[in-house]
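J.: Here's my sequence, what's the structure:
(4 chains)
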Amino acid sequence: MFALSDLPLLEHSLVQSLNDPAAGALVTFEGRVRQQNQGRAVTRLEYEGAELLAANEFQSIEAEACQRFDITQLHCVHRTGMLEIGEIAVWIGVLAPHRGPAFDACRYLIDELKKRLPIWKKEYYADGDSGWINAP
Amino acid sequence: MFALSDLPLLEHSLVQSLNDPAAGALVTFEGRVRQQNQGRAVTRLEYEGAELLAANEFQSIEAEACQRFDITQLHCVHRTGMLEIGEIAVWIGVLAPHRGPAFDACRYLIDELKKRLPIWKKEYYADGDSGWINAP
Amino acid sequence: MQVEVTYYAMLRERRGLSVETIQTEAAGLGALYDDLAGKYGLPTERHHLKVAVNDQFASWENSFASGDRIAFIPPVSGG
Amino acid sequence: MQVEVTYYAMLRERRGLSVETIQTEAAGLGALYDDLAGKYGLPTERHHLKVAVNDQFASWENSFASGDRIAFIPPVSGG
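T.: Got it, this is the predicted structure:
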């Protein structure tokens, strides 16, 4: 399951979406807004996402993960809008019978998500400057 | 930080122990009680731990992890006592500036913990039988 | 042909709007982008950009049909 | 010498108690365990087991001192 969210992400409600009595392992990844990036002091971030396109592309990534790794359930939410330092930008949780595939699938999901999902980050800096990351 | 706990583990209070504005990545591992193990239906589990020895040995594992991986904070709690299906047996959280070391350190910690910490699991089966896992 | 064009992130800011409906005789998605890039001062190099049609990624060589929803995708930076 | 001996998990159940204070003249940790294993029907093969002295893992070859807290450690299965 994948969603974009305009509202702050709360770990305890996210983790409650993952339940399976056959699962022995839950691995979660949480990306948080850091106070600096590449040596520049960051004051906040803005994320923009292409909702339907992102959902479609995530379905492909999810199908790949389920084919490659023995996992039972997964959940991913990415923030949009303005985020302060320390806020959760992205949350991924993977349930599996055993821990190896849970770790591998979670890492696969975040790596592919960062490469493929149509989501953009704009950083606002302490010096008043701002800019889209990776902008050509 | 390491602790044994007789009381149920709650993700949202565990995760709150990890906070660092320089950290961009949090990876958590949660081991849950599965309803079956090696083909046998499990009704509940009992964990016993040697508290001080476990704390000392975890300090060694933590020092190794901090030396090998660029991480900023970690937290681990292991349950003792009786656990029902689905309950959290062990929880590990690792904060790092970047996701690679967070994943690698979290996996290192759970792998070493399983090999080295003086903690024992007794399984209770649906057929009334029970037994210590790995008992010689 | 009439199509709906969506710009995201840096392209949206450069164009000054998110969505517009346009008339075009461009032969394909690449040609359509090149027209708009020339007109609105968007980046002229397409190899860093992607394009989607009706919420699915597409190839710059693809053609498109009247009524399609076309989106131009700058380099992504989620996560 | 007087030492405190702790048994865990399967060893605790086999021995029928967790902790006992004993008098021993055993020359080292291995010899001490072998004495107790013979007396109480504990597993005789030591290579699956570990031993700790004063909350630190130790070697079976080590000696020990009066007052030490010695723990016998069955194969672990946490996590």
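J.: Could you use CA atoms for every contact and neighbour count after this?
T.: Fine.
J.: Okay, and the residue nearest the centre of chain C sits in which element?
T.: A centroid search over chain C (CA atoms, centre = their mean) returns C:Phe72, at 3.5 Å, as the residue closest to the centre. Under the criterion of DSSP states H and E, C:Phe72 resides in strand C:69-73.
J.: same thing with A:Ser60?
T.: Per DSSP H and E: helix A:51-68 holds A:Ser60.
J.: which other helices and strands contact that helix?
T.: With contacts taken as 3 or more CA pairs under 8 Å, 6 or more residues apart in numbering or on different chains; DSSP states H and E, helix A:51-68 sits against strand A:2-5, helix A:99-116, strand C:56-58.
J.: chain center to it, what's the gap?
T.: 13 Å (CA atoms, centre = their mean, to the nearest Å).
J.: Pull the residues that contact it.
T.: A:2-4, A:105, A:108-109, A:112-113, A:116-119, C:52, C:55-57 (CA atoms under 8 Å, 6 or more residues apart in numbering or on different chains).
J.: quick one: low-confidence parts of chain A?
T.: Low-confidence segments of chain A, defined by pLDDT under 70, are absent.
J.: List, one by one, the residues from chain A near chain C.
T.: A:31, A:47-48, A:50, A:52-53, A:56-57, A:78, A:89-90, A:110, A:113-121, A:132-136 (CA under 8 Å from any CA of the partner chain).
J.: Quick one: buried ones out of the contacts of helix A:51-68?
T.: By the neighbour-count criterion of 16 or more other CA atoms under 10 Å in any protein chain shown, the contacts of helix A:51-68 include these buried positions: A:2, A:4, A:105, A:108-109, A:112-113, A:116-119, C:52, C:55-57.
J.: Tell me which two of those residues sit farthest apart.
T.: A:Ala105 and C:Ala52 (26.7 Å; CA to CA).
J.: ranges for the helices of chain C?
T.: Per DSSP state H, chain C carries helices over the ranges C:9-15, C:29-40.
J.: Now distance to D:Glu61, mean pLDDT and mean neighbour count too, for the ones you listed, in a markdown table please.
T.: As requested, the helices of chain C are exported to a markdown table (distance: least, CA to CA, whole Å; pLDDT from 0 to 100; neighbours: other CA atoms under 10 Å in any protein chain shown):
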| stretch | distance to D:Glu61 | mean pLDDT | mean neighbour count |
| --- | --- | --- | --- |
| helix C:9-15 | 68 | 97 | 19 |
| helix C:29-40 | 76 | 98 | 16 |
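J.: want to throw those helices into a markdown table with distance to B:Glu62?
T.: Shown next, in a markdown table, are the helices of chain C (distance: least, CA to CA, whole Å):
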| stretch | distance to B:Glu62 |
| --- | --- |
| helix C:9-15 | 42 |
| helix C:29-40 | 54 |
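J.: and C:Thr24, what does it touch?
T.: Residues in contact with C:Thr24, defined by CA under 8 Å, 6+ apart, are C:Met1, C:Gln2, C:Val3, C:Leu32.
J.: dump the residue contacts of the third one.
T.: The neighbours of C:Val3, taking CA under 8 Å, 6+ apart as the test, are C:Thr21, C:Ile22, C:Gln23, C:Thr24, C:Ala65, C:Ser66, C:Gly67, C:Asp68, C:Arg69, C:Ile70.
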